[in-house]
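Novice: sequence first, then the predicted structure:
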Protein chains: 2
Amino acid sequence: MNEFTSRIPDATVRRLSLYLRFLEDFERLGVTSVASVALAERGGTTAAQVRKDLSHLGSYGKRGLGYSVAELTGVLRGVLGLDCTWRVALLGAGRIGTALVEYEPFRRRGFHITTVIDNDPCKVGTRLGKIRIRGQGELEEALCEDRIDLVIVAVPAPVAQGMVDRVVAAGIKAVLNYAPVQLRLPEDVALRNVSMLVELESLSYALARHRQ
Amino acid sequence: MNEFTSRIPDATVRRLSLYLRFLEDFERLGVTSVASVALAERGGTTAAQVRKDLSHLGSYGKRGLGYSVAELTGVLRGVLGLDCTWRVALLGAGRIGTALVEYEPFRRRGFHITTVIDNDPCKVGTRLGKIRIRGQGELEEALCEDRIDLVIVAVPAPVAQGMVDRVVAAGIKAVLNYAPVQLRLPEDVALRNVSMLVELESLSYALARHRQ
DNA sequence: GAGTGTGAAGCAGTTCACAGCG
DNA sequence: CGCTGTGAACTGCTTCACACTC
C-alpha cells in the first residue's frame, strides 16, 4: 500500500521489529531470499499475518520466491526509523538505568544514550561508562545541548510524573517509561511502558488459573 | 460474571494489574470508596472500560456509590493470584538479571526470587544479595529443590532457547523473557516477553513518522 | 508449482447508551 | 440523582481463500 500516508497498526509495528531481527539473522547466515512462512514460524505467527503486515510497506515480495532479505531489511530499517541515530537521555541512574546504559543492542540499533540525569547528589559528577551524570537541575539544559530525541524514564515512581512534565515542556516527543506508574502526557508525545510488574502479574494470573 | 470458568482477556488482565496499583494508592490515602471514572482517569482509559473490565470478576460495585476500595483490592489480589507467594528463579546474573533480583516491587507483590543460575564459572559460588549463584549444570536440581513456580530469563539471546527447553522439561509453566529472542514453547506454558528493543523501535517508528 | 497480495469474512476488544438499583 | 452492569453497535485486527505472478 502507501508507505507514508497510512498509519501502521501498533501490533504490526511490533511484529515488524521482530521480522527485522529475523532478517538480520538470515543475512548473517547468508540466506538471500525468505518466504512469509519462514518469518511466521520464527515469530510464532502465521504466514498470512506476515504478508498482511508486510503489505503495509508496499509490494516487496516476489511471487513464487519470497522476499529479498537484503531489500526487506533495508525497507524495514527505513520504515522503523532505524536508518539514523537517535539521541537518548536516561533519567535515573539506579540499577535499571545502569543496566540500560550498558545494554549493547540499543547502541547497535542506533540508539545512543548521551545523557544521564540523577537526583542523588552523591552520583552527580561521577561517571557511568563515559557519561558524566548530571543533576536534575540541569535537565532542560542537557536535553537541549545534547539535542535529545527520546527520553528513558527509570526514576522511582513518585518523582516520575514531575520529571516527564519537564521533559515534555522541553519539547521531547517520545518517552520510554520503566517506572511503575501510568504517566499522563499530551496526545502528540509517544509513550511506551515497560512494566515488569504488569507482565509478572499477568503470569501470576495464568498460574493461578492453572492451579485450581 | 463467572469468576472461574470464563477466561479474562489478556488486555483486561493487564489493566486489572494497574487498577490494583491505583487501589493500593487510594487505600494508603484513606479513601474507602472509588468510582469507575476515578480509576479510568488514572489509568488513561474510560469509565465504561473500567466497568467492563471489573464486570469480569463479578458484581462488586454499589450503584450510586462506586466500589469499596478494600473489597475490590482483595478481589483483584485473588483473581491475579497475588494472595500467595510465587517462587521465582532467575537465569542469568548479568546487568539486567542483577537489577531484577534487587527490584523491590517484585518482592512486595509476593514474587520471591530464591534461585539464580549463571553460566559464567567466575560467578558461580559468589553471592547476589543473599542468594548463592549456581551453575547451569544445577538447573534442574535447583528448580526442583527450590520448588520454583516461575522462571525469569535474562541470559544472552543465543543460549536462551536451550535454557528454556530444559526449564519446560522440568515442568515449569510460566516464563518471563527478557532476552531479545522469540522463544518457542508448548501451548500450556505461559510466556510474556519484556522486549526493550521492540518498545524502543516502536517509538522510533513514531518519531520517524513525526519527522517527515 | 510456489508463494505473494488482498478483498471478504470472522472474531475480539472497545465504546455506547440505557435500564436498574442504592 | 449518581453510578453500576450489560446488551448492542462499532471498530480494528486476524484469518481465510483465491486470483495472480514469477
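Specialist: Nice, I can see it.
Novice: longest helix in chain A, by residue count?
Specialist: helix A:10-28 (DSSP state H).
Novice: so what's the spatially most central residue of chain A scoring on pLDDT?
Specialist: Residue closest to the average C-alpha location in chain A (CA atoms, centre = their mean): A:Leu176, at 7.4 Å. Predicted confidence (pLDDT) for A:Leu176: 98.
Novice: beta partners of it?
Specialist: A:Ile152, A:Arg192 (DSSP bridges).
Novice: that one and A:Val164 touch, don't they?
Specialist: No: contact criterion CB atoms under 8 Å: A:Leu176 and A:Val164 do not qualify, at 10.8 Å. C-beta coordinates here come from the backbone N, C-alpha and C atoms, glycine included.
Novice: now do the shared contacts for these two.
Specialist: A:151, A:153 (CB atoms under 8 Å, 6 or more residues apart in numbering or on different chains).
Novice: ok, now which ones touch the residue nearest to the centre of chain A?
Specialist: A:Leu176 touches A:150-153, A:191-192, A:194, B:196, B:199-200, B:203, counting by CB under 8 Å, 6+ apart.
Novice: please produce a markdown table containing those, extended by pLDDT, neighbour count and distance to DNA strand D.
Specialist: Output for the contacts of A:Leu176, formatted as a markdown table (pLDDT from 0 to 100; neighbours: other CB atoms under 10 Å in any protein chain shown; distance: CB to the nearest atom of the strand, whole Å):
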| residue | pLDDT | neighbour count | distance to DNA strand D |
| --- | --- | --- | --- |
| A:Leu150 | 98 | 22 | 23 |
| A:Val151 | 98 | 26 | 26 |
| A:Ile152 | 98 | 28 | 26 |
| A:Val153 | 98 | 25 | 26 |
| A:Leu191 | 97 | 20 | 17 |
| A:Arg192 | 97 | 20 | 16 |
| A:Val194 | 96 | 22 | 20 |
| B:Met196 | 93 | 21 | 21 |
| B:Glu199 | 97 | 20 | 16 |
| B:Leu200 | 98 | 27 | 20 |
| B:Leu203 | 98 | 27 | 17 |
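Novice: show me what from chain A comes close to DNA strand C.
Specialist: Neighbours of DNA strand C within chain A, by CB under 7 Å from any atom of the strand: A:1, A:35-37, A:47-48, A:51-52, A:54-55, A:59-67.
Novice: give me that answer again for 10 Å
Specialist: By CB under 10 Å from any atom of the strand, the residues of chain A that approach DNA strand C are A:1, A:33-40, A:47-67, A:72.
Novice: distance of A:Leu39 relative to chain B?
Specialist: Distance of A:Leu39 to chain B, given as CB to the nearest CB, to the nearest Å: 11 Å.
Novice: so what's that residue up against?
Specialist: Contacts of A:Leu39 (CB under 8 Å, 6+ apart): A:19, A:22-23, A:50.
Novice: residues of whichever strand or helix holds A:Gly74 that come out buried?
Specialist: Assigned by DSSP states H and E, A:Gly74 belongs to helix A:69-80. Neighbour counts over helix A:69-80 (16 or more other CB atoms under 10 Å in any protein chain shown) mark A:69, A:72-73, A:75-77, A:79-80 as buried.
Novice: right, I'll call it a day here.
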